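**Q** Give me a 3D structure for the following:
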Amino acid sequence: VAGSGREALENFARIRYDLCLMDLFMPVMDGEATTRAIREIEAEEGNNIHLPIIGSSTSNASGRDLCMQSGMDDYMPKPVVRKKLLETVEKWIGHEEDVSGTETPSWNITDRLVSRRQQDTSKSSDQTE
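**A** Sure, this is the predicted structure:
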């Protein structure tokens with residue numbers, strides 16, 4: 001979690017994430033500038049590693065346009081709807097290619113999170129009984 005775009009960029013320089021949820025309107029450096037900087041770093045490195053960035057804001061069509069123009073891969077309006085968030089994350093990081101070149105599920109985020117939530121719910125109900 002980063003409190004500003006500058007902090008997100010500093011984190012990106014140290015840690016390679018699987019996915020980034022980027023707020024368009026952050027202090028110090030907004031999501032648009034942060035994404036452009038990340039894309040520049042990726043291009044300079046030239047190793048074909050691409051961080052999927054999902055932009056988010058409370059604005060609708062204009063927010064989506066800003067995200068796409070700045071190099072983000074997808075857009076999620078706020079407030080975030082859980083099902084849409086899970087589907088979007090699954091879309092961008094839910095599969096990976098194995099050495100044979102066929103696409104295989106690395107994990108199913110929806111199933112994992114639903115399973116975890118069910119476990120938490122059953123623990124809560126056990127404690128209240």
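**Q** hmm, which helix or strand of this structure has the shakiest average pLDDT?
**A** Within the chain, no helix or strand scores below strand 103-105, which has a mean of 42 by mean pLDDT, DSSP states H and E.
**Q** where exactly do the strands run in this protein?
**A** Counting by DSSP state E, residue ranges of the strands within the chain are 20-23, 53-57, 74-77, 95-97, 103-105.
**Q** Compare those and say which comes out lowest on pLDDT.
**A** Looking at the strands of the chain, the lowest mean pLDDT belongs to strand 103-105 (a mean of 42).
**Q** got a list of what residue 63 touches?
**A** Shown in contact with residue 63 (Cβ atoms under 8 Å, 6 or more residues apart in numbering): 24, 55, 56, 57, 75, 77. For every residue, glycine as well, the C-beta is placed using N, CA and C.
**Q** Please pick the buried ones from those.
**A** 24, 55, 56, 57, 75, 77 (16 or more other Cβ atoms under 10 Å).
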